[in-house]
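> Need a 3D model of the sequence below.
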Amino acid sequence: MRFFFLVSLGTLMALSLLAWKLEPRFAPTGKTPLVWVSDDNPQRKLQIATFNAQSKSSALRLDPNNSGMQKIIVQSLAGVGPDLFDTNAANLPVMVAADVAWDITDELKKRGIALEREVWPSTLPLIRCNGRFYGVPANACTNALFINKKLFDKAGLPYPSGPWTWEQFLPLAQKLTIRDARGKPQQFGFLMDWWTWPQFVIQWGGQVYSDDGTRCTLDSPEAIAGVQFLHDLIYKYKVMPSPVEEAAMATQGGWGAGSITQFGGNRAAMGFGGRWWLCTLRKKEQFPGLSLTVAEAPHHKERVFLAYGRTTAINKQSPRREQALEYLLHMTGPAFNQGINAQADALAAFPKYCEGERYLHNPEFPEEDKNDVWRDVMAAGKPNPPSPFISSQLADRIMGRQLDLVKNDQKPVADALKAAASEINAEIQKTLQRDPELKKRYDTLKNLSPAPLPGARPSLGKGSSS
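A predicted model of the protein is given here:
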C-alpha cells in the first residue's frame with residue numbers, strides 16, 4: 001500500500017511538472033509572473049486587473065483549475081505549485097502542517113500591520129494557526145435575509161426588519177408560501193442553502209465542537225434543537241421546499257439551478273444568503289424586474305450569525321514568495337477592500353472600509369440601500385472553527401451523510417446528530433493513536449479543561465464578533 005501511494009505521488013508530481021513546462025509564460029517584460037489559485041468568480045478578473053495596474057514589479061494571473069487542497073500540496077512540494085492560493089479555516093491547518101503555507105507574521109510586523117486588531121474578529125480562524133499568521137482574509141461574510149419586494153407588495157405585507165426572532169418570522173413565511181388547490185407549491189416563503197445549518201446550532205446555544213476542539217458536541221440538546229427547527233421549516237411549517245418538492249419543480253423549469261437563481265426567479269419571498277449572492281442577482285438580463293431589499297436574519301436564543309469567508313495564502317515553496325507578498329499587502333489596502341464592497345464579493349474583511357457614504361450608497365446600484373445591515377450582522381458573526389484533532393474533510397463527510405438523512409426526512413434529527421458526534425469522536429481517537437504529537441497536545445488540553453458538572457450544558461464558546 002505504501003509503495004502504491006509513493007508511485008501515485010511520483011506520477012502526480014511528474015504530470016504537474018510537465019504541465020508547468022508546457023504552460024505559456026504570461027508576464028509582461030520586466031515583471032515577475034505570479035499565479036493565484038482561486039475560484040473563477042468574475043470578480044477575480046477585476047481584482048487582478050486592479051493589482052496589475054498598480055504593481056510595477058509583478059503580474060498576477062488566475063488559475064481556477066487547481067483549487068483542490070491535495071492538488072495544491074502535491075504541486076507545491078514538487079516545486080511547481082502556485083505562488084498564492086485561497087483556503088479556509090478548515091484547510092489552513094492542513095496546509096501549515098504540509099509545510100505549504102508561508103508564515104507571514106514577521107513580515108506583517110515589519111510593516112506595522114496588526115491583523116488581529118484590523119480585521120473582523122471572526123475572520124481570524126481563516127488566517128491564524130497556532131498563534132501565527134499565514135494569510136490575509138480576502139473577504140468576510142455572514143448571511144442576511146434577502147427580501148423579494150415584488151412578492152411582498154403583491155401580498156400586501158410590510159418588509160421585515162431586525163432584530164427579530166424565528167417565532168416572529170414563521171407567520172410571515174407561512175403567509176408568503178402559496179400552494180395550488182392540489183397542494184403543489186407555487187411559491188415558498190423561505191429559501192436557504194442546507195450547508196448553513198451551523199447557523200441554527202449556534203443560535204440555539206450549541207456548537208459543533210467543544211471550546212478546545214477535543215470533542216464533537218452535536219449530540220447536545222442545543223444543537224439538536226437548532227437542527228430540529230431547520231427540519232421543521234420544511235416538514236412541519238412547510239415554508240421551505242423539501243428535496244422532493246425541489247425535484248418536482250425542477251421538471252417545470254427554472255428550479256434546479258441553485259438557491260440564488262431560484263430566489264431570483266421569484267420562487268421564494270425570502271432568501272437566506274450572503275452578500276455575494278448579489279454577484280448573480282445584479283444581472284438584470286437574467287432576472288428582469290427583480291426588486292430586492294435586505295433585512296437582518298431572525299435569531300433564537302443567541303443573536304449570532306454564522307461567519308465565514310476566504311483567505312489568500314502564499315506558497316512557502318514558491319521561489320517568488322517575496323514578490324507574492326506584494327499582493328497580500330495590496331489586500332490590506334483601500335483599492336482591494338473598496339473593490340470587494342463595490343463588487344459585492346461578500347464584505348471587506350477590514351471593518352474600516354465598511355463605513356461612510358462610499359460603502360453605504362453605491363451610485364451604480366442605488367437600489368441597494370441597506371448596506372448597513374451587512375455590516376451590522378457581520379459585527380454579530382461567529383465562526384464555526386474546525387477541530388484540530390480530525391481531518392475536516394472526514395468530519396464534513398460524516399456530518400454531511402447524517403444531515404442529508406435529516407434533510408430527506410429519513411432519520412430523526414436527534415439520532416442523526418448523535419450518530420455523527422459518536423463517529424467523529426471515534427475518529428478523533430483513531431487520529432490520536434496515529435499522531436503522538438497531536439495526542440500530546442490533546443492530553444494537555446484535556447488536563448487544562450475542567451470536567452463538566454453533571455447535567456451541565458456545553459458553553460457557546462468564546463465567540464467572535466465578526
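> quick one: contacts for the residue of the chain most remote from its centre?
Note on the chain: the largest C-alpha distance from the chain mean falls to A181, namely 39.4 Å (C-alpha atoms, centre = their mean). By C-beta atoms under 8 Å, 6 or more residues apart in numbering, no residues touch A181. C-beta coordinates here come from the backbone N, C-alpha and C atoms, glycine included.
> Doesn't it belong to a helix?
No: A181 sits outside any helix when classified using DSSP: H, G, I helix; E, B strand; the rest coil, being coil.
> roughly how far out does the helix or strand hosting P93 sit from the chain middle?
Element membership for P93 (DSSP states H and E) is helix 92-97. Centroid displacement of helix 92-97 relative to its chain, using C-alpha atoms, centre = their mean, to the nearest Å, is 17 Å.
> tell me the mean pLDDT for it?
Averaging pLDDT along helix 92-97 yields 93.
> continuing past that helix, what's the next helix or strand?
helix 105-110.
> and the longest strand along the chain, what other elements does it pack with?
When the chain is parsed with DSSP state E, its longest strand is strand 185-192. Contacts defined by 3 or more C-beta pairs under 8 Å, 6 or more residues apart in numbering; DSSP states H and E place strand 185-192 against helix 166-175, strand 178-179, helix 259-264, strand 268-273.
> which one of those lies closest to R44?
helix 259-264 (17.9 Å; C-beta to C-beta).
> mind checking how far the closest one is from the chain centre?
18 Å.
> Kindly report the same for stretch 307-323.
Mean-position distance between stretch 307-323 and its chain equals 18 Å (C-alpha atoms, centre = their mean).
> pLDDT of it, averaged?
Averaged across stretch 307-323, pLDDT comes to 96.
> first to last residue in that stretch, what's the distance?
End-to-end distance of stretch 307-323 (C-alpha to C-alpha, to the nearest Å): 31 Å.
> In that stretch, which residues are buried?
307-318, 320-321, 323 (16 or more other C-beta atoms under 10 Å).
> on that earlier part again, what's the following helix or strand after the longest strand of the chain?
Per DSSP H and E, the first helix or strand lying C-terminal to strand 185-192 is helix 198-203.
> Show the secondary-structure elements that the next helix-or-strand element following that following helix is packed against.
Where DSSP H and E defines the elements, the next helix or strand beyond helix 198-203 is helix 221-235. Applying 3+ C-beta pairs under 8 Å, 6+ apart, we find helix 221-235 packed against helix 198-203, helix 392-407, helix 413-434.
> just how off-centre is the first one within its chain?
Between the mean C-alpha point of helix 198-203 and the mean C-alpha point of its chain there is a distance of 14 Å (C-alpha atoms, centre = their mean).
> next one: the last one
Distance of helix 413-434 from the chain centroid (C-alpha atoms, centre = their mean) equals 23 Å.
> Distance to P221, mean pLDDT and mean neighbour count for the helices and strands packed on strand 185-192 - can I get that in CSV?
As requested, those are exported to CSV (distance: least, C-beta to C-beta, whole Å; pLDDT from 0 to 100; neighbours: other C-beta atoms under 10 Å):
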stretch, distance to P221, mean pLDDT, mean neighbour count
helix 166-175, 17, 98, 16
strand 178-179, 33, 94, 14
helix 259-264, 29, 90, 22
strand 268-273, 24, 97, 25
